[in-house]
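Engineer: Generate coordinates for the sequence data below:
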Amino acid sequence: MIKYATDLGEVSVSSAVFSNITGMAATNCFGVKGMAYRSMTDGLVHLLRREAMSKGVKITYNEDDSISIELHIIVENGVNLTAVCRSIMSEVRYVVNKNTGVTVRDVNVCVDSMTM
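Structural biologist: Numbers count the residues shown, from 1 in each chain. As a prediction, the model looks like this:
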């Protein structure tokens, strides 16, 4: 959780907020089918529904009050992976910074699967 002290009081932003904002920003990018989650029991990659997309996001808090984000996604077949990943990195960094005011140090995108 990141806390900000302002003139009016203190604001706390939890990991769930960052995960939801990040998941929504990533799934709105072209070529992204959805967020992915690897099951521990069978090792298969599952497509997450909108209400559970935070399972595909890992937030790490850094000492300089910035965050690092790791995303696990499923992309559509036939898209340029480099272009899609760059688009996601840019969009997530912008949307998180705009909505929370927190600096995003890095965004790591892991493509877990491709759908037909």
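Engineer: Which residue lies nearest the spatial centre of this structure?
Structural biologist: Central residue of the chain (Cα atoms, centre = their mean): Thr22, 3.6 Å from the mean position.
Engineer: what's the host helix or strand of that residue packed up against?
Structural biologist: Thr22 is part of helix 15-27 when elements are defined by DSSP states H and E. Packing partners of helix 15-27 (3 or more Cβ pairs under 8 Å, 6 or more residues apart in numbering; DSSP states H and E): strand 32-38, strand 57-61, strand 66-76, helix 81-100. Backbone N, C-alpha and C define where each C-beta goes, glycine included.
Engineer: Report the angle between the lengthiest strand in the chain and helix 81-100.
Structural biologist: Longest strand of the chain, by residue count under DSSP state E: strand 103-115. Orientation of strand 103-115 against helix 81-100 (axes from the mean of the first three to the mean of the last three Cα atoms, to 10 degrees) gives an angle of 140 degrees.
Engineer: Just the C-alpha atoms of strand 103-115, please, in PDB.
Structural biologist: C-alpha atoms of strand 103-115 as PDB (Å, rounded to 0.1, in the frame of the first residue of the first chain):
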ATOM      1  CA  THR A 103       5.200   6.800 -10.700                       C
ATOM      2  CA  VAL A 104       5.500   3.400 -12.500                       C
ATOM      3  CA  ARG A 105       9.100   2.400 -12.700                       C
ATOM      4  CA  ASP A 106       8.700  -0.500 -15.100                       C
ATOM      5  CA  VAL A 107       6.000  -2.700 -16.700                       C
ATOM      6  CA  ASN A 108       6.800  -6.300 -17.600                       C
ATOM      7  CA  VAL A 109       4.400  -8.100 -19.900                       C
ATOM      8  CA  CYS A 110       4.400 -11.900 -20.000                       C
ATOM      9  CA  VAL A 111       2.600 -13.400 -22.900                       C
ATOM     10  CA  ASP A 112       1.400 -16.800 -21.500                       C
ATOM     11  CA  SER A 113      -0.800 -17.900 -24.400                       C
ATOM     12  CA  MET A 114      -2.200 -17.200 -27.900                       C
ATOM     13  CA  THR A 115      -5.800 -17.900 -28.900                       C
END
